[in-house]
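J.: Sequence and predicted structure, then a few things I'm wondering about:
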Amino acid sequence: MDPNDAIRERLAREDEAYRRLAQKHREYDERLEELRSRRFLTEEEKLEEVRLRKLKLAAKDRMEEMVLERRREGGS
């Protein structure tokens, strides 16, 4: 088990900002899956896919920052 998993679980229970980021991350992922399931994408959909990938990554990065911040504080 990743030592940060316990911190992630605690943040998911206790931190509203973390939960919102996790929800957004899931929404971006779901929409990306929808786009990936299509045989062809319009130019607009291709741009949306790129934008969603960036947003998803930014959410993931922020969530990991929050984990590291909590870890530095000594929380688990």
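T.: That came through, no problem.

J.: where does this structure have low pLDDT?
T.: Filtered on pLDDT under 70, the chain yields the residue ranges 75-76.

J.: quick one: the helices in it?
T.: With DSSP state H as the criterion, the chain has helices at 5-14, 16-36, 43-72.

J.: The second one - contacts with which helices or strands?
T.: On a contact count with 3 or more Cβ pairs under 8 Å, 6 or more residues apart in numbering; DSSP states H and E, helix 16-36 meets helix 5-14, helix 43-72. No exception for glycine: its C-beta is placed from N, CA and C like everyone else's.

J.: Which residues does that helix contact?
T.: Applying Cβ atoms under 8 Å, 6 or more residues apart in numbering, the contact partners of helix 16-36 are 11-12, 41, 45, 48-49, 52-53, 55-56, 59-60, 62-63, 66.

J.: residue contacts, the nearest residue to Tyr28 once chain neighbours are set aside?
T.: Leaving out its chain neighbours, the residue that sits closest to Tyr28 by Cβ to Cβ, 6 or more residues apart in numbering is Lys56, at 3.9 Å. Neighbouring residues of Lys56 by Cβ under 8 Å, 6+ apart: His25, Tyr28, Asp29, Leu32.

J.: Can you redo those residues as CSV, where the extra columns are distance to Ala17?
T.: Shown next, in CSV, are these (distance: Cβ to Cβ, whole Å):
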residue, distance to Ala17
His25, 13
Tyr28, 17
Asp29, 19
Leu32, 23
